[in-house]
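> What shape does this take:
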Amino acid sequence: MISFGMMSLTIKSEQTYLTEIARRANPNMFTCFRFSPAKIHPVTQLVSGEKFDHKKDRWVKSEFPLPMIIYDRCFYTNDPSSKQAMAIVKWLKKKADITFLGNGLPNKWAIYQVLSTSSLSPYIPKTILAASGKAVVAQLEEMDMAILKPIFGSGGNGIYKIEKSGGEFVISADLGGKVSTKNFDSTSETEIWLDRLFSKKEYMMQPYLELSDSQSCPFDIRILLQKDHEDKWVVRGKGVRRGSKDGILSNLSAGGEILPFEEYANSLDIRTKRFILHELEEILSTLPGILEGSFPRLFELGVDIGVSKDHALWVLDTNSKPGRKVIASTNPDLKEVLYKAPLEYARMLTLPEREEQHL
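Below you'll find the predicted structure:
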């Protein structure tokens, strides 16, 4: 019997997704649990959480030993409970009798350092650490317009566009589909504001890329990759996220909408479509191997790819705990595959021929 634990910061997190996975688990092969790392008893190492009851078709409160396979769906922020959870997860990963379905990727800067020195470097936007307001302002002499991104961040939160226009600096952000703008008349005023921002979070800086469609709406392609029951990477689906007209971000949290990838691809002329599909294949066939060559084993990846006006492709983000909203809403037939995928991969990880490898 495989004990399969789905771990999130709060027990009700991703309720539908985790419940649908548990429903598809063969009860003769799997016992499914869900729990929060904070609910592991440090002495007994028993977990207070919930077990899925197939007969009742619901989760029931339960105390159980640490599961042998853990699917980590914890999304950390800067708060104390996240920091506590991160420490517990680090401890869990050191335990020889526990296997994580996949390991999380580190921060965006660490990922950039690997990808920018790899064969995919032509697709990676040049990135520098935003060390201070003074350094950012100095860089604007070269870049004119730039994007500031938190090193630890997701969902488009905390992203700013900064540009120098004459003697003036303009800093803008996408807030729920509306662009909010601040204007600064002097360099010192700009530097003070930036230093205040950087004192709260670490940031990195990239040139601003024109990644918008013919209607001036920012857009990107979201791709979900997962490993299958043979431990091979497969592309599960692609979708397009499109932001508001003249906006900065395509993220759904910034008011973006979801479109089928085919709709976008079919709007291109044949030559451009063939070129973009070929480039996408090149990136997606190489990216997981590069990441796994530098970081621990992964199970799934969300990849965001921007397309500029001249049809150049840019890898904007890679996420080891991707959401499924874009893929599921544009490919509803895939839902069944997505619910079964973690179970199939978990089963593969417990096969006898892998035990020696795991040790």
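> rest of the way, CA atoms for contacts and neighbours
Will do.
> contacts for the strand or helix carrying V337?
Assessed by DSSP states H and E, V337 sits inside helix 335-349. With C-alpha atoms under 8 Å, 6 or more residues apart in numbering as the test, helix 335-349 has contacts from 2, 4, 17, 20-21, 24-25, 69, 71, 101, 226-231, 299, 328.
> Can you turn the buried part of the residues you listed into a ChimeraX selection?
Selection of buried members from these for ChimeraX, criterion 16 or more other C-alpha atoms under 10 Å:
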select :2,4,21,25,69,71,101,226,227,228,229,299,328
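> what about the strands in the stretch 201-350 of the chain?
Counting by DSSP state E, counting those that start in this stretch, the stretch 201-350 of the chain has strands at residues 203-207, 219-227, 233-242, 257-260, 300-307, 313-319.
> With respect to L140, which of these lies nearest?
Closest approach to L140 among the strands of the stretch 201-350 of the chain is made by strand 203-207 (9.0 Å; C-alpha to C-alpha).
> thinking again about what came up before, quick check: buried residues in the helix holding V337?
Residues of helix 335-349 classed as buried: 335, 338-349 (neighbour count, 16+ other C-alpha under 10 Å).
> Mean pLDDT and distance to F64 for the strands of the stretch 201-350 of the chain - can I get that in TSV?
Shown next, in TSV, are those (pLDDT from 0 to 100; distance: least, C-alpha to C-alpha, whole Å):
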stretch	mean pLDDT	distance to F64
strand 203-207	93	41
strand 219-227	94	28
strand 233-242	93	32
strand 257-260	89	40
strand 300-307	95	27
strand 313-319	95	30
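> any idea how far the helix holding V337 is from the chain center?
Remark: helix 335-349 is offset 19 Å from the chain centroid, using C-alpha atoms, centre = their mean, to the nearest Å.
> what pLDDT does S82 get?
Listed pLDDT for S82 reads 81.
> what residues are up against it?
9, 76.
> What separation is there between it and N266?
The gap separating S82 from N266 is 43 Å, by C-alpha to C-alpha, to the nearest Å.
> what residue is smack in the middle of this protein?
By C-alpha atoms, centre = their mean, the chain has its centre lying nearest to N319, at 2.5 Å.
> Nearest residue to it in space, please, no chain neighbours.
The shortest distance from N319 to any non-neighbouring residue, by C-alpha to C-alpha, 6 or more residues apart in numbering, is to G302 (4.9 Å).
> What ranges does this protein have for its helices?
15-23, 80-93, 108-115, 133-143, 187-200, 261-266, 270-294, 325-330, 335-349, 352-358 (DSSP state H).
> weakest of those in terms of mean pLDDT?
Ranked by mean pLDDT, the helices of the chain bottom out at helix 352-358, with a mean of 50.
> before we move on, the earlier item: with F219 as the reference, name the closest of the helices of the chain.
Closest among the helices of the chain, once you apply C-alpha to C-alpha, is helix 261-266, at 10.2 Å.
> Tell me, how many residues neighbour G167?
G167 has 9 neighbours, counted by other C-alpha atoms under 10 Å.
> quick one: the residue lying closest to D317 once chain neighbours are set aside and R73, what's the gap?
If the residues on either side of it in the chain are set aside, D317 comes closest to D304, at 5.1 Å by C-alpha to C-alpha, 6+ apart. The spacing between D304 and R73, counted by C-alpha to C-alpha, is 19 Å.
> Likewise for T272?
37 Å.
> Which among the strands of the stretch 201-350 of the chain is found nearest to L194?
strand 203-207 (10.0 Å).
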